[in-house]
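Undergrad: sharing a sequence plus its predicted fold:
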Amino acid sequence: MKLNTVKQKLARGEPAIGTWLSLCSPIAAEYMAHMGWDWLVVDTEHSPVGFETTVHCFQAICTTPTIPMARVAWNDPMLMKRLLDAGALGLVVPMVNSREEAQRAVAAMKYPPAGIRSLGGGRCMVYGDDYFSWANDQIACIVQIEHIEAVRRAEEILSVPGVDACFIGPNDLAGSMGLKPDMTVSDPRHEEAVQAVLRAAKKVGKPAGIHVPDVHHLNRRLEQGFRFLALASDAAFMRQAAREALSQIRR
């Protein structure tokens, strides 16, 4: 049995902190996993990563205790099945805007009778021959609340059995409100929507998550009660380090 330490931490009310992998590189995934993140998400929604490269990223992450996860391109059972069969121990599902869409995501990630996932095996069997018996309990379902309509329905979305946490995408949320994309959430209307999700999550007893651009904002969100936090991305860390180094060169 493979224990999902991210689900365990969230269930205990502890923070689980990770980052996005968008460089489409198993080597970068390996380096990042050895840094000690709780989880790493291969972003198959917004990066150009291919499926086989995604699998190689999972393999690299599995050389460490870090939990391999992915953001699926859409709330599509076929896409979700392939990522889970490839070894993802959690999926972040974008644009979940209703209770029905949350139920759809949960069903796609669970084997019968709890869901509709096909019992076809795959690379996931490297976790043990008993994979079918524990997968429903250990795989994390993280639904993204990133539209103002989802904010208004946050409580009913998070009340769906099998949803383990929610995750706010600040840029898409801002866009749905007619605001400019802003990872720092500087507009008071934007911040109020974020806080509305957090209040709903606390009310139903589910962890809330959010993507943050830097450690300052991460610590602020931790103090507020967010528990599933994504800090920047591998590409953002690379750009930041290169930018800082270049700015210090005496020309």
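TA: Now that the structure is in, tell me what you want to look at.

Undergrad: now do the helices in the stretch 51-200 of the chain.
TA: Listed in chain order, the helices of the stretch 51-200 of the chain (DSSP state H, counting those that start in this stretch) span 51-61, 77-85, 99-109, 131-138, 148-152, 154-158, 170-176, 188-204.

Undergrad: and those helices as TSV, adding mean pLDDT, distance to Met35 and mean neighbour count?
TA: For the C-beta atoms, the positions are set from N, CA and C on the backbone; glycine is no exception. TSV is the format used below for these (pLDDT from 0 to 100; distance: least, CB to CB, whole Å; neighbours: other CB atoms under 10 Å):
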stretch	mean pLDDT	distance to Met35	mean neighbour count
helix 51-61	98	11	21
helix 77-85	98	23	19
helix 99-109	98	27	20
helix 131-138	98	23	16
helix 148-152	98	32	19
helix 154-158	98	30	22
helix 170-176	98	24	20
helix 188-204	98	27	17
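
Undergrad: how about those, which one is nearest Lys7?
TA: For the helices of the stretch 51-200 of the chain, the distance to Lys7 is smallest for helix 131-138, at 6.4 Å, taking CB to CB.

Undergrad: same for that closest one, what does it pack against?
TA: When contacts are defined as 3 or more CB pairs under 8 Å, 6 or more residues apart in numbering; DSSP states H and E, helix 131-138 sits against none of the other helices and strands.

Undergrad: dump it to CSV, keeping only the CA atoms.
TA: Presented in CSV, the C-alpha positions along helix 131-138 are these (Å, rounded to 0.1, in the frame of the first residue of the first chain):
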residue,chain,number,x,y,z
TYR,A,131,-3.3,-1.0,-5.8
PHE,A,132,-7.0,-1.6,-6.6
SER,A,133,-7.8,-2.1,-3.0
TRP,A,134,-6.5,1.2,-1.7
ALA,A,135,-6.5,3.6,-4.7
ASN,A,136,-9.9,5.1,-3.9
ASP,A,137,-8.8,6.0,-0.4
GLN,A,138,-5.3,7.4,-1.2
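
Undergrad: which residues in this structure form strands?
TA: Counting by DSSP state E, the chain has these strands, from start to end: 16-21, 39-43, 67-71, 90-93, 140-145, 165-168, 208-212, 228-233.

Undergrad: same list (these) but as CSV, adding mean neighbour count.
TA: CSV is the format used below for the strands of the chain (neighbours: other CB atoms under 10 Å):
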stretch, mean neighbour count
strand 16-21, 23
strand 39-43, 26
strand 67-71, 27
strand 90-93, 28
strand 140-145, 26
strand 165-168, 26
strand 208-212, 26
strand 228-233, 23
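
Undergrad: redo these as CSV? Include mean pLDDT.
TA: CSV is the format used below for the strands of the chain (pLDDT from 0 to 100):
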stretch, mean pLDDT
strand 16-21, 99
strand 39-43, 99
strand 67-71, 99
strand 90-93, 99
strand 140-145, 98
strand 165-168, 98
strand 208-212, 98
strand 228-233, 98
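
Undergrad: ok, which of these comes nearest Arg99?
TA: strand 140-145 (10.4 Å).

Undergrad: pairing partners for that closest one, with directions?
TA: According to DSSP bridges, the neighbouring strands of strand 140-145, each with its direction, are strand 90-93 (parallel), strand 165-168 (parallel).

Undergrad: what does the last one contact?
TA: Applying CB atoms under 8 Å, 6 or more residues apart in numbering, the set of residues contacting strand 165-168 from outside is 10, 92, 140, 142-146, 154, 157-158, 194, 197, 201, 206-211, 227-228, 230.

Undergrad: which one of the strands paired with strand 140-145 lies nearest to Ala73?
TA: Comparison of the strands paired with strand 140-145 against Ala73 by CB to CB identifies strand 90-93 as nearest, at 9.9 Å.

Undergrad: can you tell which of the strands of the chain is closest to Arg123?
TA: Using CB to CB, the nearest of those to Arg123 is strand 67-71, at 10.8 Å.

Undergrad: with distance to Pro113 as extra columns, can I get the strands of the chain in TSV?
TA: TSV is the format used below for those (distance: least, CB to CB, whole Å):
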stretch	distance to Pro113
strand 16-21	29
strand 39-43	28
strand 67-71	25
strand 90-93	20
strand 140-145	17
strand 165-168	24
strand 208-212	29
strand 228-233	28
